[in-house]
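**Q** For reference, the sequence and a predicted model appear below.
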Amino acid sequence: MKKIILSVVMIAVCSAVIPAISACLSGDTVSVPEKSSSDVIIKEYIFDETNIPEISDEPYKVLDISSGQVLDVSVRDYVIGAVCAEMPASFEPEALKAQAVTAHTYAERQRITEKENPSSELCGADFSNDTSKYQGYFTDSQIKHYFGDNYDEYYKKISSAVDEVLPYILTFNEEPAIAAFHSMSSGKTESAENAWGTPVEYLIPVDSSYDTSAPRYMEEVSIDKAFLKNCLETSFEGITLGDNMTEWVIPAEISDSGTVLTVRSGDMTVTGNDIRTALGLRSADFEVEYTDDKAIFTTKGFGHGVGMSQYGANAMASEGKTWREILEHYYTGCSISKVSVN
């Protein structure tokens with residue numbers, strides 16, 4: 001029996017928690033001792049190469065929401081298109097490789113899920129390119145348009161990164177894990193339980209302090225009283241706000257990672273994610289101050305905060321960490337499994 005040494009990494013959100021998590025996957029991700037990103041320890045395990053998930057080598061079927069056509073896309077082309085859509089091409093090669101593994105993992109898990117429980121809206125496809133529901137994906141023509149004059153340079157960089165890791169996906173209990181990731185955390189990633197209400201044993205907070213130096217890590221948004229009132233009343237049916245604006249959004253419970261878990265809003269209690277969605281904030285890690293006629297929200301990070309931080313991954317790569325080390329840091333608990341691809 002042939003055996004290979006593989007690092008243990010971790011990622012995943014059960015599909016019951018978030019039926020159509022867009023990978024957020026973007027921008028739109030659990031009790032293991034926390035480690036700083038500067039002292040990642042790669043654990044070595046013997047992995048039986050003959051005992052890997054049964055992965056189809058057929059092309060993915062992608063519903064193009066603009067044309068309504070179901071496209072047959074090779075695994076390689078899909079992963080390249082997903083990385084182009086989800087991570088800046090200027091990022092370090094090792095970060096791009098980590099993103100490629102999560103993109104491939106997400107696609108494999110979604111294909112299996114769709115075969116077991118088909119969605120009529122997908123018309124027989126495995127997923128669509130609707131980023132509000134699924135992982136982002138660019139066709140080659142979209143990549144050319146997106147990169148413009150930098151197409152040759154960036155496509156070569158991303159395709160080279162994808163080719164190096166294409167045989168690998170992340171697994172948990174011998175099944176493809178759902179690959180949750182986000183743009184940047186508040187400095188510490190969030191648990192699936194706090195972000196989505198259901199605990200997932202392998203999605204726990206880890207240090208991601210690199211994120212505090214990321215562009216637009218902290219952002220201030222000023223919302224005038226009338227607009228705030230309209231957003232809240234539109235989002236929360238039957239809410240009574242009263243005349244005192246300072247009682248319209250009061251963070252009540254906050255996680256150790258900084259996520260606002262519950263908010264007192266008028267006569268209702270809602271979640272921080274509810275407020276984030278209602279007001280279009282960059283994250284649910286926020287503080288609010290009031291002036292006479294405005295509410296000023298200060299957010300940290302961007303995205304749901306679960307799983308791999310893309311900016312954190314890039315910072316780790318810039319310091320010499322490999323894609324395996326990046327994934328091990330953010331997804332402690334899963335295996336890196338080698339599969340056959342077309």
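**A** All right, it came through fine.
**Q** Just the CA atoms of the host helix or strand of residue 78, as PDB, please.
**A** For residue 78, the element it lies in under DSSP states H and E is helix 75-86. Extracted in PDB, the C-alpha atoms of helix 75-86 (Å, rounded to 0.1, in the frame of the first residue of the first chain):
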ATOM      1  CA  VAL A  75     -11.600  21.300 -13.700                       C
ATOM      2  CA  ARG A  76      -8.400  23.200 -14.600                       C
ATOM      3  CA  ASP A  77     -10.200  26.000 -16.400                       C
ATOM      4  CA  TYR A  78     -12.800  26.300 -13.700                       C
ATOM      5  CA  VAL A  79     -10.200  26.600 -10.900                       C
ATOM      6  CA  ILE A  80      -8.200  29.200 -12.900                       C
ATOM      7  CA  GLY A  81     -11.400  31.200 -13.500                       C
ATOM      8  CA  ALA A  82     -12.400  30.900  -9.800                       C
ATOM      9  CA  VAL A  83      -9.000  32.200  -8.600                       C
ATOM     10  CA  CYS A  84      -9.100  35.000 -11.100                       C
ATOM     11  CA  ALA A  85     -12.500  36.000  -9.800                       C
ATOM     12  CA  GLU A  86     -11.800  35.600  -6.100                       C
END
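**Q** what pLDDT, on average, does the helix or strand following that helix get?
**A** Per DSSP H and E, helix 75-86 leads on to helix 93-116 as the next helix or strand towards the C-terminus. Throughout helix 93-116, pLDDT has a mean value of 96.
**Q** Then stretch 164-184?
**A** The average pLDDT within stretch 164-184 is 90.
**Q** Would you indicate which residues of it are buried?
**A** For stretch 164-184, burial by neighbour count (16 or more other C-beta atoms under 10 Å) applies to 165-166, 168-172, 175-184. The way it works is simple: take the backbone N, C-alpha and C, and place the C-beta from them, glycine included.
**Q** residue ranges for the helices of the stretch 201-342 of the chain, please.
**A** Under the criterion DSSP state H, counting those that start in this stretch, the stretch 201-342 of the chain contains helices at 225-235, 272-279, 310-318, 323-330.
**Q** Could you tell me what pLDDT the model assigned to residue 32?
**A** Per-residue confidence (pLDDT) for residue 32: 24.
**Q** Residue 341 too?
**A** With respect to pLDDT, residue 341 scores 66.
**Q** ok, now residue 23?
**A** 36.
**Q** what's the distance between the closest residue to residue 147 other than its chain neighbours and residue 308?
**A** Counting by C-beta to C-beta, 6 or more residues apart in numbering, residue 147 lies nearest to residue 154, which is 4.8 Å off, once chain neighbours are set aside. Here the criterion is C-beta to C-beta, to the nearest Å. By it, residue 154 lies 21 Å from residue 308.
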